[in-house]
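**Q** how would this look folded up:
(one chain, ligands or ions: 1)
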Amino acid sequence: MSTLQIIGAPMSNFVRVVRMACHEKGVGYDLVAVRPHSPEVKAISPIGKIPAMRHGDVTLFETRAICGYIDAVFPGPKLIPSEPLAAAMCEQWMSAVTTHVDNVLLRQYLIGYFFPGTPDGSPDRARIDAAVPKIGPVFAMLEVELTKHRYLGGDSFTLADIMLFPLVNFLPRAPESAALMQASPHLQAWFDGINARPSAVATVPPPPPPRS
Ligand SMILES: N[C@@H](CCC(=O)N[C@@H](CS)C(=O)NCC(=O)O)C(=O)O
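**A** Below is the predicted model:
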């Protein structure tokens, strides 16, 4: 069978999702560690975002589509449940994570610290201050869910948990989100459990760029 290629830089939370899915399934892959909009990515994705995937003649972009393909094509534990309600819960949380949680916590908030775009590289206070009121409700939503269930949407580990995990991994690195993380014991316990899985250990991203 052709080698699976996962294309994208390992510090990307979405690339880590796809890599963790491979490790959970026991699927070997080659990582092509390139940045967004590089020729390798643009050859597959018209949008240029990472990850992209190549498997023989099959090429895909978009994390959910790549993970769905890997889950369906390869043997190993199912990451997307087949029982209808469990599948819907998994889809619900994946959608909430990729459209809302990622947008508020990473794109609106953390980027203000890690990729501020300021002349001296200092945190983008205007961006951070605008985002801070929005991050508390996201933490509260996750804490409520993980108080009700051991995992997102139920009591079994699924792709929804993988989708959220790499993002939560970044949260202790900025002060406001670190404080909220400490105040969210169920989210912290969920994180610690997944952080100990071999799929998480095998895909630890390189350190973020230094902050001034
Ligand atoms: N909807 C895409 C989002 C992927 C995404 O935003 N990737 C980021 C890196 S984590 C990226 O490529 N950013 C470059 C850009 O937005 O141009 C997916 O689910 O794969």
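**Q** Pull up the residues of the chain that are close to the ligand.
**A** 12-14, 36, 48-50, 62-63, 98 (C-beta under 6 Å from any ligand atom). Using the backbone N, CA and C atoms, a C-beta is placed for each residue, glycine as well.
**Q** how does it look with 5 Å?
**A** 12, 14, 36, 49-50, 62-63 (C-beta under 5 Å from any ligand atom).
**Q** Using TSV, lay out these together with distance to Ala179.
**A** Shown next, in TSV, are the residues of the chain next to the ligand (distance: C-beta to C-beta, whole Å):
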residue	distance to Ala179
Ser12	25
Phe14	26
Pro36	31
Lys49	31
Ile50	30
Glu62	33
Thr63	29
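**Q** Which of these fall in helices?
**A** Using DSSP state H, the subset of those located in helices is 14, 63.
**Q** what residue ranges in the protein score low on pLDDT?
**A** 1, 208-212 (pLDDT under 70).
**Q** Spatially nearest residue to Ala183, not counting backbone neighbours?
**A** Spatial nearest neighbour of Ala183, excluding adjacent residues (C-beta to C-beta, 6 or more residues apart in numbering): Phe139 at 7.7 Å.
**Q** burial count for that neighbour?
**A** 21 (other C-beta atoms under 10 Å).
**Q** Which of the helices or strands spans it?
**A** helix 125-148 (DSSP states H and E).
**Q** got the contact list for that helix?
**A** 93, 100-101, 104-105, 108-109, 111-113, 116, 152-153, 164, 176-177, 180-181, 183-187, 189-190 (C-beta atoms under 8 Å, 6 or more residues apart in numbering).
**Q** Try it again at 7 Å.
**A** 101, 104-105, 108-109, 112-113, 152, 176-177, 180, 184, 186-187, 190 (C-beta atoms under 7 Å, 6 or more residues apart in numbering).
**Q** same check, this time on stretch 71-80
**A** In contact with stretch 71-80 (C-beta under 7 Å, 6+ apart) are residues 21, 24-27, 67-68, 87, 90, 158-159, 162.
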